[in-house]
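**Student:** sequence first, predicted model second:
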There are 2 protein chains.
Amino acid sequence: MLGVWRLQLLREVQRRGSIRAAAEAVNITPSAISQQLAILEQEAGVELLEKSGRQVRLTEAALRLVRHTDAITGAIAAAEADVASLRNTVAGTLRVAAFPTAARAVMPPVMTALSRLHPDLRVTLRDLEADESLTALQMDEIDIAIVDDYGDGSRVPVQGLDVCEFMRDPIYLAATGPSAQGQATAGPPRPARLDEFSHAFWIMDTDNSHLSQVTRRACRAAGFEPHIRSSCRDFSVIIALVEAGRGVGVLPGLALLDRPVRADVRPIVPPLTRRISSVVRPERRHHPMVVSALAELERFGASYVPPLTVPAAPGE
Amino acid sequence: MLGVWRLQLLREVQRRGSIRAAAEAVNITPSAISQQLAILEQEAGVELLEKSGRQVRLTEAALRLVRHTDAITGAIAAAEADVASLRNTVAGTLRVAAFPTAARAVMPPVMTALSRLHPDLRVTLRDLEADESLTALQMDEIDIAIVDDYGDGSRVPVQGLDVCEFMRDPIYLAATGPSAQGQATAGPPRPARLDEFSHAFWIMDTDNSHLSQVTRRACRAAGFEPHIRSSCRDFSVIIALVEAGRGVGVLPGLALLDRPVRADVRPIVPPLTRRISSVVRPERRHHPMVVSALAELERFGASYVPPLTVPAAPGE
DNA sequence: GAGGGAGGTCAAGTTCAGCTTCCTCGCCGG
DNA sequence: CCGGCGAGGAAGCTGAACTTGACCTCCCTC
């Protein structure tokens, strides 16, 4: 009978591309993997590896075994989830990955709520971009991925995974100085049209981030190409730059939860929003840890009041 | 992650009903099973066994795990079958169980043909009655079960197994002495009507065998209750008794393949036939060993000429 | 084209999971 | 009430799986 552990090692070699990388991933020496795969070749009666330069490449038979491995470990995970759902107490270690803003603004309250509900539940958090967390999910390194997308079709196709949107996060425009208007009014701020800032300097997220791409597209739709002055990965840096009057920037609502921003922050018209979703493997969908966490995320999303809201037009 | 071996041990305990029986089945000590199940309880975080007198009983959670175990081992078996189908040479050990007559008349030629085709293939044979071999199949003790049924609905319901009828075996009536008629003619023997033997003594298979039940039902349909004189499990004993003139008996065609019978052997009208089928687990259905064996059984069935045939009516 | 580093594998030593042995305990039946 | 049967715990043993420290090959670089 084929050893499950050996199959998992083979799968890891396939995913990481080399024995060395797989060995590092599972924290053993390359030699151990080499030996285990030699045994697996005996068990299967088939060649699994062929040399390709100084690397190894998986044979056709090995690729088939990898596909079967997913089914096997999936069945085991389903068994674990099923038996865990019989326990009255939710316990264990739940591994979550969230994109940076959610890791900072969403997960802390969710984690405290979870640990209050289930004292024996441990939650570990990694901050990964959406695509990174999805591959981590497929590699079974995490249980829940929290991802964002801007509804522009840029979302990674996630076949075989359960996706659930649990909140929407509006995007705001932040500005100070001469280009800031409506700052002094006490009432709700006047929504901003992007073309008001066609001549401003823009402080953007990094170029390859979804938000900056969406923003640029929106600016073009508003009839201008934004003058990008700075690109920085961290929203708190953007906030600081905007506060210092170095330009205007767009910020998702979650980035504003941390601290008050000494700038003019206004909704954008037409509204710009991102969707925030949880992604889980289907075999773990009903694991009590996962169920609790998703419920808590849902609760967070439902009670989430974006820092600023567009006032409803009268008569609407 | 739940250990597959531990899950298999749990399943064995569920099937055999006790730790001791399971231990004997897998050839380890009861203590080892006890230890492994204790570890499995830790892994699952659930109680699996509860004492019931001096035995143990599985909890609800344990029963669920057993159901999952079937899925898991099925997935592993499917992987093995898939990778084995990539090998050009058929090798390994094929475990077959057949009901006694088939074990004597069908399997020997099939096994020699298989070993001629695939020198590296080992075939082991057990003789089990149909229902026994089906449970053995479900316990994964054998790869192929060869079963017979008389089309009277007595076949055990085999859910989740692949059944394939590969031959039919007619039932004959054997008689000597005054009740034997048509013995001397050189041509094909005249078919026998059962009611010709309503006053004869009958030598039957054991009472609980399918054949004797079907025969008794057929006799009643012919308008009489057979006088059963002897019941013996082995067809060769029945043949010997019939040859000694102790009565008449019914014999399946396969039982006549071994040796010539010094008696009057004639087909029965209306014809009595049994179906002979192979049964395999679906995940092994396409394993090359299984495919070869089923093909060889099919070939045997196609070339099987029952010892005596009913002459076709003229014009038919 | 020689040197060196990276990736893989082999042989020997080490560690620990899983087994056996031996024992105890609790339950049932004679 | 006692003998036996089934379950399970403690201690020791075996082998599978891993590490260590070689070596080998291929490629890249100088």
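**Tutor:** Everything's here; your move.

**Student:** please count neighbours and contacts with C-alpha atoms only from this point.
**Tutor:** OK.

**Student:** how about the helices of the stretch 201-316 of chain A, start to end?
**Tutor:** A:210-221, A:235-243, A:288-303 (DSSP state H, counting those that start in this stretch).

**Student:** pLDDT of the second one, averaged?
**Tutor:** Put plainly, it is helix A:235-243. Per-residue pLDDT over helix A:235-243 has a mean of 89.

**Student:** so which of the helices of the stretch 201-316 of chain A is nearest A:Arg168?
**Tutor:** helix A:288-303 (7.5 Å; C-alpha to C-alpha).

**Student:** can you spell out which helices and strands pack onto that closest one?
**Tutor:** strand A:92-98, helix A:107-117, strand A:162-175 (3 or more C-alpha pairs under 8 Å, 6 or more residues apart in numbering or on different chains; DSSP states H and E).

**Student:** DNA strand D: which of those is closest?
**Tutor:** Evaluated over those, closeness to DNA strand D peaks at strand A:92-98, with 21.8 Å, by C-alpha to the nearest atom of the strand.

**Student:** and the helix or strand just after the closest one, what's its mean pLDDT?
**Tutor:** Counting by DSSP states H and E, the next helix or strand C-terminal to strand A:92-98 is helix A:100-105. The pLDDT scores in helix A:100-105 average 92.

**Student:** check stretch A:64-81 too.
**Tutor:** 96.

**Student:** what of stretch A:162-170?
**Tutor:** 94.

**Student:** who's in contact with it?
**Tutor:** Stretch A:162-170 has contacts (C-alpha atoms under 8 Å, 6 or more residues apart in numbering or on different chains) with A:252-254, A:267, A:271-282, A:285, A:297-298, A:301-302, A:304, A:306.

**Student:** out of those, which sit inside strands?
**Tutor:** A:252, A:267, A:273-280 (DSSP state E).

**Student:** pull the longest helix from chain A.
**Tutor:** helix A:60-84 (DSSP state H).

**Student:** let me know whether stretch A:42-57 sits next to DNA strand D.
**Tutor:** Yes. Contact of stretch A:42-57 with DNA strand D (C-alpha under 7 Å from any atom of the strand) involves A:52-54.

**Student:** ranking those residues by neighbours, who comes first?
**Tutor:** A:Ser52 (9 neighbours; other C-alpha atoms under 10 Å in any protein chain shown).

**Student:** re earlier: elements contacting the longest helix of chain A?
**Tutor:** Against helix A:60-84 (3+ C-alpha pairs under 8 Å, 6+ apart) you get helix A:4-16, helix B:30-44, helix B:60-84.

**Student:** what does that helix rub up against?
**Tutor:** Outside helix A:60-84, the residues that reach it (C-alpha under 8 Å, 6+ apart) are A:4, A:7-8, A:10-11, A:14, A:46-49, A:90, A:283-284, A:286-288, B:1-2, B:44-46, B:61, B:64-65, B:68-69, B:71-72, B:75-76, B:78-79, B:82-83, B:86.

**Student:** just the buried ones from the residues you listed, in ChimeraX syntax?
**Tutor:** Filtering these down to the buried ones (16 or more other C-alpha atoms under 10 Å in any protein chain shown) takes a single ChimeraX command:
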select /A:4,7,8,10,11,14,46,47,48,49,90,283,284,286,287,288 /B:2,44,45,46,61,65,68,69,71,72,75,76,78,79,82,83,86
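
**Student:** wait, is A:Ala25 part of a strand?
**Tutor:** No. If the criterion is DSSP: H, G, I helix; E, B strand; the rest coil, then A:Ala25 is helix and not within a strand.

**Student:** hang on, the earlier thing: among the helices and strands packed on helix A:288-303, which is nearest A:Glu132?
**Tutor:** The nearest among the helices and strands packed on helix A:288-303, by C-alpha to C-alpha, is strand A:92-98 at 9.1 Å.

**Student:** ok, back up a step: of the residues of stretch A:42-57 next to DNA strand D, list those near DNA strand C.
**Tutor:** Among the residues of stretch A:42-57 next to DNA strand D, DNA strand C is touched by A:Arg54 when using C-alpha under 7 Å from any atom of the strand.

**Student:** dump the residues of stretch A:42-57 next to DNA strand D to TSV, plus secondary structure and distance to B:Asp195.
**Tutor:** Shown next, in TSV, are these (DSSP: H, G, I helix; E, B strand; the rest coil; distance: C-alpha to C-alpha, whole Å):
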residue	secondary structure	distance to B:Asp195
A:Ser52	strand	78
A:Gly53	coil	82
A:Arg54	coil	83
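
**Student:** could I get the residues of stretch A:42-57 next to DNA strand D as JSON lines with pLDDT?
**Tutor:** As requested, those are exported to JSON lines (pLDDT from 0 to 100):
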{"residue": "A:Ser52", "pLDDT": "87"}
{"residue": "A:Gly53", "pLDDT": "86"}
{"residue": "A:Arg54", "pLDDT": "86"}
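
**Student:** which one among the residues of stretch A:42-57 next to DNA strand D gets closest to chain B?
**Tutor:** Proximity of the residues of stretch A:42-57 next to DNA strand D to chain B (C-alpha to the nearest C-alpha) peaks at A:Ser52, which lies at 21.5 Å.

**Student:** distance check, that closest one against A:Gln14.
**Tutor:** 14 Å (C-alpha to C-alpha, to the nearest Å).

**Student:** with A:Glu298 instead?
**Tutor:** 36 Å.
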